[in-house]
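Novice: Sequence first, then the predicted structure, then my questions.
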Amino acid sequence: MQQSNDKTQKLINAAGLIFKNLRQEEMKSPLNKFAREYDIDRGHLSKLERGIVGCSLTMAWKIAEAAGVKFSEFAKLLEDELGDDFKLMDE
């Protein structure tokens, strides 16, 4: 079971890194400003970016949209970050 938790954490960390990169590099927006402009709780966004908490599909879509990318592009970035061999479930 621990391996599953490790995989989940890896997914959460990768998503957070992508969110942070999109916000900082693509939008050049400070966390407080981004959160305020797009009605996203600043504390929650900070925890997402640091991999402390995961997020719902709805929140991921909202952040991607706010960052100016399609959700499918976010998903591709996530797949690229995790690598071709990443599987969330054991076979």
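Specialist: In hand now; what should we look at? Remember, predicted model here, so these are calculated numbers, not experimental data.

Novice: Could you list the low-pLDDT ranges of the protein?
Specialist: 1-4 (pLDDT under 70).

Novice: For it, just list every one of the helices.
Specialist: Assigned helices in the chain, in chain order: 2-21, 31-37, 42-49, 57-66, 71-82 (criterion: DSSP state H).

Novice: what sits against residue 15?
Specialist: Contacts for residue 15 were tallied using C-beta atoms under 8 Å, 6 or more residues apart in numbering; they are 48, 51, 54-55, 60, 78. Any C-beta I mention is one placed from the backbone N, CA and C, and that applies to glycine too.

Novice: Residue 7 too?
Specialist: Applying C-beta under 8 Å, 6+ apart, we find residue 7 in contact with 86-88.

Novice: Now do the most centrally placed residue in the chain against residue 62, distance only.
Specialist: Nearest to the mean C-alpha position of the chain, counting by C-alpha atoms, centre = their mean, stands residue 15 at 2.8 Å. From residue 15 across to residue 62, the span is 13 Å (C-beta to C-beta, to the nearest Å).

Novice: can you put the contacts of residue 7 in CSV and add distance to residue 25?
Specialist: Converted to CSV, the contacts of residue 7 look like this (distance: C-beta to C-beta, whole Å):
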residue, distance to residue 25
86, 23
87, 28
88, 26
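
Novice: Select from the residues you listed every entry located in strands.
Specialist: Among the contacts of residue 7, none falls in strands (DSSP state E).

Novice: Let me have the residues you listed in TSV, adding neighbour count as columns.
Specialist: TSV is the format used below for those (neighbours: other C-beta atoms under 10 Å):
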residue	neighbour count
86	13
87	9
88	10
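
Novice: Which single one of those residues is nearest to residue 43?
Specialist: Residue 43 lies nearest to residue 88 out of these, by C-beta to C-beta, at 26.6 Å.
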